[in-house]
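Q: sequence first, then the predicted structure:
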Amino acid sequence: MRCFFCTVFSMLILVMSGCQVNKRLGDNKQPPNILFIAIDDLRPQLGCYGDKIVQSPNIDRLAGFGVLFNRAYCQQAVCSPSRTSLMTARRPNTTKVWDLNTHFRTTIPDVVTLPQYFKNNGYHTQSIGKIYHDPASAQDALSWSVPEILAVTNKEGKYVLPSNLQKGSSKATATESADVPDNAYIDGQVADQAMAVLRKIKDKPFFLAVGFRRPHLPFSAPKKYWDLYEQKNIPLPVQRIVPPNIPAYAVHNSEELRGYSDIDHVITDSKTQELLHGYYAAISYTDAQIGEVLAELDRLNLTRNTIIVLWSDHGFHLGEKGLWAKTTNYELDTRVPLIIAAPGKERGVTSNGLVELVDLYPTLAELGGLPVPEALEGTSLAPLLTKPDQPWKNAVFSQFPRPWQYKNEPEIMGYAIRTDRYRYVEWRNFKTDEVKAMELYDHQIDPGEVNNIANIALIRELKQQLHDGWQMARPGRIMRRP
């Protein structure tokens with residue numbers, strides 16, 4: 001423990017340097033650090049979420065020190081729009097970022113991002129790995145106190161070893177198992193850098209964002225993580241074809257997977273098992289890197305005053321309904337893992353409240369003792385960290401455009417609402433708001449969302465909830481039946 005006078009002196013230095021740490025923290029208490037861990041393409045397929053196959057001991061251990069959110073959802077199930085929404089606490093129709101090319105500084109140039117807000121209030125903010133989308137044009141210098149580390153790398157260093165690339169081509173196979181050390185791949189390098197940075201910044205309040213790229217395709221990981229699983233024992237998805245009575249807007253041709261050199265038009269059961277094996281190995285590899293960073297945080301005696309947040313930008317399909325990767329409004333793509341471990345809050349508990357990634361900005365502001373900016377389009381989850389089972393939002397919201405990879409505004413937008421029991425989706429003409437198609441799934445009897453039911457009464461109720469929007473779904477509003 002620091003002596004009182006040392007702490008006061010440190011606080012005076014911070015104030016002199018422009019720190020605006022809120023007085024609610026008290027003059028004799030250092031503001032909490034924030035370790036912000038992002039994972040790419042990870043659905044809630046972890047031991048702490050009840051999965052019996054995936055080995056994720058370090059993330060499971062983190063869940064034992066915090067609150068696991070069992071029903072957390074992204075706002076658009078693809079990298080850049082989701083991460084932009086989270087980092088600005090604005091929903092996609094506000095950011096106008098619906099694709100992988102638009103930068104939010106061109107659409108909302110004066111927005112103060114989550115790390116920028118902490119930087120403006122005296123924190124050292126730093127980014128390692130993938131936090132915003134990958135290309136150099138997607139980065140945001142205003143968010144950070146120093147330039148990003150390993151934000152962008154070449155293809156060989158980012159996903160696969162050079163030996164996996166076709167000669168004279170950037171194409172690679174969809175899986176890779178190599179007998180190499182962890183830092184032969186980019187996520188091991190990210191972990192090494194994160195530990196080195198922690199040692200440098202340990203004596204000042206920090207917001208350290210660490211972004212891991214696995215289990216994003218291709219599913220590449222050192223061999224020892226593949227060896228954790230027996231491929232022949234990996235079960236196949238139950239529903240492996242597109243169900244009937246589903247609008248054409250709702251699905252896609254799994255273009256992301258089909259870009260790899262070993263993927264044929266028909267994905268066989270044996271190839272499906274190989275891909276599942278690779279996804280699980282990539283999760284375990286990333287879990288090990290997270291364990292290294294958390295261990296370093298502990299060795300530096302920083303854990304007790306650090307808020308740790310672990311999140312994924314969106315979920316992922318692994319052959320269910322004939323779909324691979326993301327870019328839908330379905331449960332498997334929009335539901336994400338989310339764990340928050342904060343000093344003095346509940347430990348080792350689960351909240352079943354409906355929450356959204358857009359909620360993280362106001363949550364961290366409140367936990368850090370800072371005023372929550374009024375323009376944010378999320379709701380602080382801080383109350384759920386002390387009473388995880390209290391009534392919460394009655395709905396959460398996601399969206400996805402069609403066609404995907406468009407220019408300028410989309411033609412069709414699918415708007416989804418997820419209540420305690422139902423998922424309702426409207427596919428609308430983006431300019432005229434004309435409804436082109438609808439979907440309705442009852443999770444009580446159809447958790448896999450394979451039966452698009454037609455219930456006029458339910459559609460009427462859910463349609464109204466969807467059009468009421470996120471403001472009317474916040475805690476304390478009148479609960480609607482669905």
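A: Alright, I've got the coordinates.

Q: how near is residue 250 to residue 300?
A: Between residue 250 and residue 300 the computed distance is 48 Å (Cβ to Cβ, to the nearest Å). To be clear about C-beta, it is placed using only N, CA and C from the backbone, and glycine gets the same treatment.

Q: neighbour count for the two, which is higher?
A: residue 250 (23 against 15; other Cβ atoms under 10 Å).

Q: give me the low-pLDDT residue ranges for this structure?
A: 1-28, 151-157, 166-170, 406-407, 454, 477-482 (pLDDT under 70).

Q: now do 50
A: 1-28, 155 (pLDDT under 50).

Q: that one - how does it break down into domains?
A: Domain segmentation of the chain under automatic domain parsing yields 1-30, 31-388.

Q: which residues in the stretch 1-150 of the chain form strands?
A: Remark: strands assigned in the stretch 1-150 of the chain by DSSP state E, counting those that start in this stretch are 33-39, 67-73, 124-129.

Q: which strands and helices sit next to the second one?
A: Right, the one you point to is strand 67-73. strand 335-341, strand 349-356, helix 382-386, strand 396-402 (3 or more Cβ pairs under 8 Å, 6 or more residues apart in numbering; DSSP states H and E).

Q: let's go with 10 Å and repeat that
A: helix 57-63, strand 306-312, helix 331-334, strand 335-341, strand 349-356, helix 382-386, strand 396-402, strand 412-418 (3 or more Cβ pairs under 10 Å, 6 or more residues apart in numbering; DSSP states H and E).

Q: turn those into CSV, columns for mean neighbour count and distance to residue 468.
A: Output for the helices and strands packed on strand 67-73, formatted as CSV (neighbours: other Cβ atoms under 10 Å; distance: least, Cβ to Cβ, whole Å):
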stretch, mean neighbour count, distance to residue 468
helix 57-63, 20, 33
strand 306-312, 22, 27
helix 331-334, 24, 19
strand 335-341, 25, 22
strand 349-356, 21, 15
helix 382-386, 19, 22
strand 396-402, 25, 10
strand 412-418, 23, 9
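
Q: turn those into a markdown table, including distance to residue 88.
A: Listed next are those as a markdown table, based on distance: least, Cβ to Cβ, whole Å:
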| stretch | distance to residue 88 |
| --- | --- |
| helix 57-63 | 26 |
| strand 306-312 | 15 |
| helix 331-334 | 19 |
| strand 335-341 | 17 |
| strand 349-356 | 13 |
| helix 382-386 | 19 |
| strand 396-402 | 16 |
| strand 412-418 | 19 |
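
Q: between the ones you listed, which one is closest to residue 437.
A: Among the helices and strands packed on strand 67-73, the nearest to residue 437 by Cβ to Cβ is strand 412-418 (8.5 Å).

Q: paired strands for the closest one, with orientation please.
A: strand 396-402 (antiparallel), strand 422-429 (antiparallel) (DSSP bridges).

Q: make a markdown table from the strands of the stretch 1-150 of the chain and add mean neighbour count to it.
A: A markdown table is the format used below for those (neighbours: other Cβ atoms under 10 Å):
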| stretch | mean neighbour count |
| --- | --- |
| strand 33-39 | 24 |
| strand 67-73 | 24 |
| strand 124-129 | 25 |
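
Q: figure out which of those is closest to residue 282.
A: strand 33-39 (10.1 Å).

Q: against residue 148, how distant is the closest residue in space to residue 105 that isn't next to it in sequence?
A: Ranked by Cβ to Cβ, 6 or more residues apart in numbering and with sequence neighbours excluded, the top spatial neighbour of residue 105 is residue 140, at 6.7 Å. Using Cβ to Cβ, residue 140 is found at 9 Å from residue 148.

Q: overlap in contacts, these two.
A: 127, 131, 132 (Cβ atoms under 10 Å, 6 or more residues apart in numbering).

Q: looking at the residues you listed, spot the one nearest residue 97.
A: Distances from residue 97 to those, taken by Cβ to Cβ, are shortest for residue 132, at 10.5 Å.

Q: list the contacts of the closest one.
A: Applying Cβ under 10 Å, 6+ apart, the residues near residue 132 are 38, 79-80, 83-84, 87, 103-104, 113, 138-140, 143, 148, 151, 209, 211.

Q: could you pull up the residues touching the nearest residue to it once chain neighbours are set aside?
A: Leaving aside its sequence neighbours, residue 132 sits nearest to residue 138 (Cβ to Cβ, 6+ apart; 5.0 Å). Contacts for residue 138 (Cβ under 10 Å, 6+ apart) come out as 79-80, 83-84, 97, 100-104, 130-132, 151-152.

Q: ok, which of the helices and strands packed on strand 67-73 comes nearest residue 266?
A: Among the helices and strands packed on strand 67-73, helix 331-334 sits nearest to residue 266 (Cβ to Cβ), with 21.4 Å.

Q: tell me how far that closest one lies from the chain's centre.
A: Chain-centre distance of helix 331-334: 12 Å, with Cα atoms, centre = their mean, to the nearest Å.

Q: could you dump it to PDB, C-alpha only?
A: This file holds the C-alpha atoms of helix 331-334, laid out as PDB (Å, rounded to 0.1, in the frame of the first residue of the first chain):
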ATOM      1  CA  GLU A 331     -28.300 -15.500 -32.300                       C
ATOM      2  CA  LEU A 332     -25.100 -17.300 -33.100                       C
ATOM      3  CA  ASP A 333     -23.700 -14.200 -34.800                       C
ATOM      4  CA  THR A 334     -25.000 -11.500 -32.500                       C
END
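
Q: which helices and strands does that helix pack with?
A: Packed next to helix 331-334, using 3+ Cβ pairs under 10 Å, 6+ apart, are strand 67-73, strand 317-318, strand 396-402, strand 412-418.

Q: adding distance to residue 237 as columns, could you present these in TSV?
A: Output for the helices and strands packed on helix 331-334, formatted as TSV (distance: least, Cβ to Cβ, whole Å):
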stretch	distance to residue 237
strand 67-73	21
strand 317-318	7
strand 396-402	21
strand 412-418	21
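
Q: can you tell me the SS state at residue 289?
A: Classification of residue 289 by DSSP: H, G, I helix; E, B strand; the rest coil places it in helix.

Q: burial check on it, number of neighbours?
A: Neighbours of residue 289 (other Cβ under 10 Å): 28.

Q: am I right that it is in contact with residue 194?
A: Yes: using Cβ atoms under 10 Å, residue 289 is in contact with residue 194, at 8.5 Å.

Q: if we can go back for a sec, JSON lines for the strands of the stretch 1-150 of the chain, including distance to residue 382?
A: Output for the strands of the stretch 1-150 of the chain, formatted as JSON lines (distance: least, Cβ to Cβ, whole Å):
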{"stretch": "strand 33-39", "distance to residue 382": "14"}
{"stretch": "strand 67-73", "distance to residue 382": "10"}
{"stretch": "strand 124-129", "distance to residue 382": "21"}
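
Q: of those, which is nearest residue 188?
A: Of the strands of the stretch 1-150 of the chain, nearest to residue 188 by Cβ to Cβ is strand 124-129, at 10.9 Å.

Q: let me know the angle separating that closest one from strand 33-39.
A: If you take axes from the mean of the first three to the mean of the last three Cα atoms, to 10 degrees, strand 124-129 sits at 20 degrees to strand 33-39.
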